[in-house]
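Participant: Have a look at this fold, sequence not included:
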């Protein structure tokens, strides 16, 4: 299969029973569930106004944060993990996906019309969309896509990268490190850096390997670690060496 844009990594023919994701609790998720949940996330975020050219802020490092990114990607939006709290002057900012407690604390100042999408406990405020509930009830299919490789996918506020940029860098990582199908790639660095997302999420998807998200406690049975710190027992992938 030729992968031209990141949405190709979520295509219908990639759905099978191989493990794609392991979360911080050790729970594993297969490719069928992973792709379908990404489609559901895109369908749900469409209701919040996410579309081509807008920015979606995502707070957190767990599976729901990851699916907010993938859903935004399917809608041709760009994701900013860990956005600042003062976003009122960002006219392209369309939605913030974050834990409900963060949204109800009013710590984020959003531009007029931007939507709040919370995950975790059901929100008490009516203006917050509940991401968890939306995912499980949303349509489990997605219309065909034709995304231009130059479409922006990630930003950290200073640097913005496209689908083509990310996939080219991910291919280099897979080839240089020899990441193979079924290998576990644990993400030790923050997703706020697009280079970490590329090395820890996109590269494993490209190689048919396994994304491992961690809160510091992780099963030692993995082959690669996305980390700038040396690891004598595993092969470290230093995100600072990722080049766009």
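Facilitator: Noted; the coordinates are in hand. Computed from a predicted structure; not experimentally measured.

Participant: can you tell me how far residue 201 sits from residue 25?
Facilitator: Residue 201 is 18 Å from residue 25, where distance means CB to CB, to the nearest Å. (C-beta placed from N, C-alpha, C; glycine too.)

Participant: of those two, who's got more company?
Facilitator: Set residue 201 next to residue 25 and count neighbours by other CB atoms under 10 Å: residue 201 wins out with 24 against 11.

Participant: SS state for the nearest residue to residue 21 once chain neighbours are set aside?
Facilitator: The shortest distance from residue 21 to any residue other than its chain neighbours is 4.4 Å, reached at residue 29 (CB to CB, 6 or more residues apart in numbering). Three-state call for residue 29 (DSSP: H, G, I helix; E, B strand; the rest coil): strand.

Participant: Let me see the contact set for residue 29.
Facilitator: For residue 29, the contacting residues are 19, 20, 21, 22, 23, 37, 63, by CB atoms under 8 Å, 6 or more residues apart in numbering.

Participant: same question, residue 71
Facilitator: Residue 71 touches 38, 39, 40, 41, 42, 43, 44, 45, 50, counting by CB under 8 Å, 6+ apart.

Participant: Can I take it that the third one is in a helix?
Facilitator: What it means is residue 40. Yes: counting by three-state DSSP, residue 40 is part of a helix.

Participant: Let's see the pLDDT reported for the residue nearest to it when sequence neighbours are not counted.
Facilitator: In space, and not counting its chain neighbours, residue 40 is closest to residue 138: 4.1 Å by CB to CB, 6+ apart. Model confidence at residue 138, given as pLDDT, is 87.

Participant: correct me, but residue 138 touches residue 45?
Facilitator: No: counting by CB atoms under 8 Å, residue 138 sits too far from residue 45 to count as a contact (9.5 Å).

Participant: between the two, which one's more packed in?
Facilitator: residue 45 (29 against 20).

Participant: In a strand, that one, correct?
Facilitator: No: per three-state DSSP, residue 45 lies outside any strand segment and is helix.

Participant: how close does it sit to residue 64?
Facilitator: 12 Å.

Participant: Spell out which residues are contacts of both of those two.
Facilitator: Counting by CB under 8 Å, 6+ apart, the common neighbours of residue 45 and residue 64 are residue 97.
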